[in-house]
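Asks: Okay, predicted coordinates and the sequence, questions at the end:
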Amino acid sequence: MNEIKIAVLGSEGVGKSALIVRFLTKRFIGEYASSSECIYRKRLSVDGKQINLQLYDPCSQACEGKSTVNEQIHWADGFIVVYDISDRSSFLTAKAIVHLIRELHLRTAKRNVDSLIFLVGNKQDLCHVREVRREEGQCLAAESRCQFYELSAAEHHQEVALIFFKMVQNASLGSKAKERRRRPSGSKSMAKLINNVFGKRRKSV
């Protein structure tokens with residue numbers, strides 16, 4: 001059974017947990033702080049095959065034993081890097097994370113990651129106190145060769161789901177490409193995700 005690992009990274013308070021929970025349950029959680037790292041798991045059916053999806057949510061509070069960003073990057077198959085459009089410092093952190101992902105992947109000669117990094121500007125509902133213009137996010141995404149989205153986890157369930165769907169599809173395609181290199185017989189083309197009944201299982205907090 002294929003396994004896809006996605007890391008959701010960004011500063012504290014940008015809405016990483018809110019995006020994940022919105023995707024898995026369609027519900028929105030407001031302020032959320034965790035002192036432990038969490039991995040949410042869900043089994044999906046893609047092209048008639050079962051995929052075990054793991055979503056990594058780093059702890060939002062300083063805590064001992066917290067894995068480094070480098071470890072998180074090496075663990076994941078795909079990355080959703082989140083910032084808060086009303087917090088410029090979170091945008092600068094997101095920029096640093098995107099650059100680090102590209103640097104580490106190039107250094108270790110991993111596969112091309114252009115389609116496996118999504119830059120997400122969250123909290124679009126706070127546009128009246130915006131500190132990061134949409135064009136700045138688009139520019140960073142273009143410079144870093146990654147995909148860009150701006151939305152509100154509080155208001156846009158369908159847009160949130162679409163981001164995770166696309167990331168799973170891209171990571172699955174990347175995994176299948178690796179299989180084709182190992183096995184000349186190859187594999188069938190990617191179909192749309194056909195199971196969107198979500199749940200969650202997380203480590204104890």
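Replies: Done, it's in. Numbers count the residues shown, from 1 in each chain.

Asks: Could you tell me how many residues sit around residue 145?
Replies: A count of nearby residues for residue 145, using other CB atoms under 10 Å, gives 13. For every residue, glycine as well, the C-beta is placed using N, CA and C.

Asks: Can you read off the pLDDT for it?
Replies: Listed pLDDT for residue 145 reads 92.

Asks: and it, how far is that from residue 129?
Replies: 30 Å (CB to CB, to the nearest Å).

Asks: hang on, residue 129 packs against residue 86?
Replies: Yes: using CB atoms under 8 Å, residue 129 makes contact with residue 86 at a distance of 4.7 Å.

Asks: quick one: strands adjacent to the helix or strand residue 119 falls within?
Replies: Here residue 119, judged by DSSP states H and E, is contained in strand 117-122. Here strand 117-122 is paired, per DSSP bridges, with strand 78-84 (parallel), strand 147-150 (parallel).

Asks: Export the last one to PDB, keeping only CA atoms.
Replies: What follows is strand 147-150 as a C-alpha-only set of coordinates in PDB (Å, rounded to 0.1, in the frame of the first residue of the first chain):
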ATOM      1  CA  GLN A 147       2.200  26.700  -6.300                       C
ATOM      2  CA  PHE A 148       0.400  29.600  -4.500                       C
ATOM      3  CA  TYR A 149      -3.000  29.800  -2.900                       C
ATOM      4  CA  GLU A 150      -4.700  32.500  -0.700                       C
END
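
Asks: quick one, helices of this structure?
Replies: 16-25, 69-75, 88-107, 134-144, 157-182 (DSSP state H).

Asks: State the mean pLDDT of the longest one.
Replies: Okay, so that is helix 157-182. Throughout helix 157-182, pLDDT has a mean value of 78.

Asks: And for the third one?
Replies: The pLDDT scores in helix 88-107 average 92.

Asks: For it, buried residues please.
Replies: 90, 91, 93, 94, 95, 97, 98, 101, 102, 105 (16 or more other CB atoms under 10 Å).

Asks: Need those in TSV (columns: distance to residue 30).
Replies: Listed next are the buried residues of helix 88-107 as TSV, based on distance: CB to CB, whole Å:
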residue	distance to residue 30
90	17
91	21
93	21
94	21
95	26
97	24
98	27
101	29
102	33
105	34
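
Asks: got a pLDDT number for residue 113?
Replies: 71.

Asks: that older thread, ok, and which of the strands paired with strand 117-122 has the densest surroundings?
Replies: Compared across the strands paired with strand 117-122, strand 78-84 shows the largest average neighbour count, a mean of 25 (mean count of other CB atoms under 10 Å).
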